[in-house]
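Student: using only what follows, build the 3D model:
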Amino acid sequence: MPFTVATWNVNSIRSRLHALLPWLERAAPDVVCLQETKVQDHDFPIDPIEAVGYHAAFRGQKSYNGVAILSKTPIENVRSGFDDDGPADEARLLVGEVNGIPIVNTYVPQGRDPEHEMYAYKLEWFERLRAYYESHFSANEPMLWLGDLNVAPEPIDVHDPKRLMGHVCFNPLVTEALESVKSWGLVDLFRKHVPKPGQYTYYDYRTKDGVANGRGWRVDHILATKPLAAKSINAWIDLEPRLGEKPSDHTPMVVEMRI
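Tutor: Next comes the predicted model:
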């Protein structure tokens, strides 16, 4: 049975409903994980989302961060945040099950600057996520990890790797942090199917004609444990929403499986 999953940093869900709702009807993914919803839970726009055929689970806060899972079928066993002894987490981690498959949606801290405390927090966040996976899941069972991970892991994931090397989203330390989580038993589904360069999910608002000129980053990702990765058959980035009116600076990534 075909099963499509997507990830999209919408950069304020209420400001992006004009793009999200038509995209849900056009692309019709079975599951989409959203990041940077930037809305408190009591203000989440549940009614219009349900009106186009989706269930929703969400965890938000005012003006910043926020994650949501939308699914055509009910979302079960929903939980949010880390359950370790580390610092209190922001609205960045949401887990739910769809058709028995655990879905992990994350909005990883960007890091701001290599000297900023948020950069250390970002690296620690990946360590905590690895421990979370070890405690709650099995790499031998199906599981999906989607989200804005704020890491471009390879030179082909940024438009100008020489100039951008050292950025908080593109440097050896963040790549190593991501690889540590992946080594638990996860496969980058996009790279499994699309090895070519020039494939980006983020285009800075400040870059004129960024999409047309290919000046982007691939910082949004869809990964799966090996049993589920083996069932993936295709992956792509949908640029249409980034080219529309008042877009998010990110655009959706989609993976298709047969489960």
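Student: contacts, neighbours, all on C-alpha from now
Tutor: Fine.
Student: next one: the residue sitting nearest the centre point of the chain from residue 162, what distance?
Tutor: Nearest to the mean C-alpha position of the chain, by CA atoms, centre = their mean, lies residue 147 at 1.2 Å. Taking CA to CA, to the nearest Å as the criterion, residue 147 is separated from residue 162 by 26 Å.
Student: equivalent analysis for residue 16, please.
Tutor: Look at residue 16 and residue 162: by CA to CA, they are 33 Å apart.
Student: ok, now residue 34?
Tutor: Distance from residue 34 to residue 162, counting by CA to CA: 30 Å.
Student: looking at those two, which is more packed in?
Tutor: Each of residue 34 and residue 162 has its neighbours counted (other CA atoms under 10 Å); residue 34 has more, 27 against 9.
Student: packing partners of the helix ranked longest in the chain?
Tutor: The longest helix of the chain (DSSP state H) is helix 117-136. Packing partners of helix 117-136 (3 or more CA pairs under 8 Å, 6 or more residues apart in numbering; DSSP states H and E): helix 172-182.
Student: burial check on the residue nearest to residue 233 when sequence neighbours are not counted, number of neighbours?
Tutor: Counting by CA to CA, 6 or more residues apart in numbering, residue 233 lies nearest to residue 257, which is 5.3 Å off, once chain neighbours are set aside. Neighbours of residue 257 under the rule other CA under 10 Å: 17.
Student: what angle sits between the helix or strand just after the longest helix of the chain and helix 172-182?
Tutor: Following helix 117-136 in sequence order, the next helix or strand is strand 144-148 (DSSP states H and E). Angle, strand 144-148 to helix 172-182, by axes from the mean of the first three to the mean of the last three CA atoms, to 10 degrees: 160 degrees.
Student: now the helices for the stretch 1-150 of the chain?
Tutor: Along the stretch 1-150 of the chain, the stretches classed as helices by DSSP state H, counting those that start in this stretch are 17-27, 46-51, 117-136.
Student: could I get the ones you listed as CSV with mean neighbour count?
Tutor: Below are those laid out as CSV (neighbours: other CA atoms under 10 Å):
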stretch, mean neighbour count
helix 17-27, 15
helix 46-51, 13
helix 117-136, 16
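Student: reformat these as TSV; add mean pLDDT.
Tutor: Listed next are the helices of the stretch 1-150 of the chain as TSV, based on pLDDT from 0 to 100:
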stretch	mean pLDDT
helix 17-27	98
helix 46-51	98
helix 117-136	97
